[in-house]
Every structure is written in C-alpha cells, then in structure tokens.
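1. just coords:
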C-alpha cells in the first residue's frame with residue numbers, strides 16, 4: 001500500500017509540474033544516512049538527471065544508478081523536488097541482519113530502487129543540500145525491502 005501511494009504521489013507531482021528545475025549541470029558530494037557514501041548527479045536537460053551513488057555498509061559496497069525527474073517547487077526559490085527509479089548491485093563481507101539467525105560471510109544483492117526527495121540550491125554558493133527517501137527492493141541474493149534509505153545529500157556543483 002505504501003509503495004502504491006509513493007508511486008501515485010510521484011507521478012502526480014511529475015505530471016502537474018511544468019517549471020524548469022535545473023540550477024547546475026553536475027553535482028558531486030556526500031550522502032549521509034543509514035547508507036553512507038558518495039553521490040554524483042548529472043543533468044541531461046532542465047528536468048532529467050542521472051545519479052550514481054556509491055554506498056558503504058555491512059563491510060561492503062553498493063553501486064546504485066538512478067534516472068530522475070526534477071522540478072522546481074512553485075513559490076519556493078531554490079527548492080526542487082525530484083523522483084526517480086533505478087537499480088543497485090551490492091557486494092558484502094559479513095552481511096548480517098540483526099533480527100536474522102542466518103549469517104553469510106559473503107553476499108551479493110541486486111534489485112530496483114525508487115527515490116523521492118527535496119533539494120535546495122544555494123543562490124550565491126556552488127552547493128546543494130537535499131533530503132531524500134530511497135527504498136530498495138532486492139530480487140537477487142536477499143529478497144527483502146530496504147526501507148531505511150533516508151539520507152541527507154550535500155553536493156558541490158559544477159556548471
């Protein structure tokens with residue numbers, strides 16, 4: 001039910017917005033949350049972007065690629081919202097769930113990701129700060145939903 005609500009809200013936001021959002025071409029920075037890592041976001045045009053995320057967790061690494069739609073919030077200069085879809089693959093040593101008796105020294109996972117976020121571009125500085133929620137659904141290696149994908153992003157922007 002939550003996934004359905006998330007998707008419907010995202011689609012409605014994308015359809016109803018016609019305002020251009022891009023304030024920079026490429027942003028590189030840090031992603032801090034339950035999955036810490038590095039993020040690179042590159043705009044293909046005024047509203048479409050690709051984002052790559054390299055996360056570190058469970059003595060391993062997760063590589064995520066996302067396609068995003070980004071739009072300006074009306075009457076809120078500098079603020080944009082974005083939504084997107086993509087996929088991930090992760091490789092771990094010591095992969096373990098706290099509530100699980102199963103333990104695997106090495107593990108590989110792959111699945112799809114959704115993202116919904118809010119971003120602010122500073123008008124006089126080449127930085128953006130954003131907060132997003134990125135749930136992930138694993139289909140290979142671990143058939144679980146990672147619902148703890150809340151993160152804060154801080155990026156240095158290159159025009």
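-> Arrived safely, thanks for sending. Predicted model only: the values in this text are computed from it and were never measured.
2. which residues does residue 131 contact?
-> Contact analysis of residue 131 by CB atoms under 8 Å, 6 or more residues apart in numbering lists 117-118, 150-153. (Glycine included, C-beta is placed from N, CA and C.)
3. Out of the helices and strands in the protein, which is least certain?
-> Taking mean pLDDT, DSSP states H and E as the measure, the helices and strands of the chain show their lowest mean at helix 2-16, namely a mean of 48.
4. thinking again about what came up before, would you mind checking the contacts of residue 131 for buried ones?
-> Applying 16 or more other CB atoms under 10 Å to those, the neighbour count classes 117, 151, 153 as buried.
5. partners of the nearest residue to residue 23 once chain neighbours are set aside in the sheet?
-> Counting by CB to CB, 6 or more residues apart in numbering, residue 23 lies nearest to residue 121, which is 4.1 Å off, once chain neighbours are set aside. For residue 121, the residues forming beta bridges with it (DSSP bridges) are residue 128.
6. Residue 121 is in contact with residue 155, isn't it?
-> No: with the criterion set as CB atoms under 8 Å, residue 121 and residue 155 do not qualify as a contacting pair; they are 9.4 Å apart.
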